[in-house]
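Colleague: need a 3D model of the following:
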Amino acid sequence: MKLKITKFKSVKSTNDKAIKLIQLYNRSSGLIISDIQTKGRGTMGKKWISKKGNIFISIFYKVNFSNLKIKNFLVLNAKIIKKILQTYTKKNISVKKPNDLLIEKKKFCGILQEVIEHNNEKFLITGIGINTLIVPNNNEFSATSLSNHAKKNIKNLKVIKKIKNIYEKMIYDLTNNNFTYVKKKYI
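Modeller: Below is the predicted model:
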């Protein structure tokens, strides 16, 4: 499955934009990219501080939840993103459950999952914020950027392309195989 990219200069939230594309334009899948988010969201109503120069994306697609639970995707999404980003640093990236990625106990990536229903179909929306280049000031927790620990130059478009490619393969595999197969292949 190919994910159509929709790019914006500024949005309130990439997840909110994905919801609108599903509800207003009947899009069944896609990848939202924005240069900035003015009201980025995290889990439990927390705010995601978005600094221009970092990555803000949401991936959305239909999912048959009759035999799956959203919690199955929490671990899967964190591991997929960790695997991609680990190629940029020799430092260990750890997962702080359920959805944060840390380097040296400092947060640099957050993942927000939401499920919505539209026309009797369920859609999984996975919002991913990655501090690739800029460290946001945050009083709630210690933050860092991937570039502070990188062993090579980070190009946001290359990171996004890697994420897009792996999610296209994963969605295809999820559609044509069971979750156990997908979990073994991508974790």
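Colleague: and residue 98, how far is that from residue 51?
Modeller: Using C-beta to C-beta, to the nearest Å, we find residue 98 at a distance of 24 Å from residue 51. (C-beta placed from N, C-alpha, C; glycine too.)
Colleague: OK, contacts around residue 31?
Modeller: By C-beta atoms under 8 Å, 6 or more residues apart in numbering, the contact set of residue 31 is 3, 4, 5, 6, 57, 58, 59, 160, 164, 167.
Colleague: circling back to that earlier point, which one's more surrounded, residue 98 and residue 51?
Modeller: When neighbours are counted by other C-beta atoms under 10 Å, residue 98 and residue 51 differ, and residue 51 comes out ahead with 18 against 13.
Colleague: now for that one: which residues touch it?
Modeller: Residue 51 sits next to 36, 131, 134, 135, 136 when contact means C-beta under 8 Å, 6+ apart.
Colleague: mind listing which of the contacts of residue 31 are in helices?
Modeller: 160, 164, 167 (DSSP state H).
Colleague: identify the residues contacting the longest strand along the chain?
Modeller: Among all segments of the chain classified by DSSP state E, the strand with the greatest residue count is strand 106-118. Strand 106-118 is contacted from outside by 15, 19, 22-23, 26, 41-43, 48, 63, 65, 70, 73-74, 77-78, 81, 85, 96, 99-102, 122-131, 138, 141-146, using C-beta under 8 Å, 6+ apart.
Colleague: go ahead and build a ChimeraX selection from the buried members of those residues.
Modeller: To isolate the buried members of the contacts of strand 106-118 in ChimeraX, using 16 or more other C-beta atoms under 10 Å:
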select :15,19,22,41,42,48,63,65,73,74,77,78,81,85,99,100,101,102,123,124,125,126,127,128,129,130,131,143,144,145,146
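Colleague: give me the subset of the contacts of strand 106-118 lying in strands.
Modeller: Counted as lying in strands by DSSP E, out of the contacts of strand 106-118, are 96, 100-102, 122-130.
Colleague: list the contacts of the residue nearest to the spatial centre of the chain.
Modeller: Centroid-nearest residue in the chain: residue 128, 2.7 Å away (criterion: C-alpha atoms, centre = their mean). Residue 128 makes contacts with 55, 56, 57, 58, 59, 77, 81, 109, 110, 111, 163, as judged by C-beta under 8 Å, 6+ apart.
Colleague: quick one, which of the contacts of residue 51 are buried?
Modeller: Among those, the ones that count as buried (16+ other C-beta under 10 Å) are 131, 135, 136.
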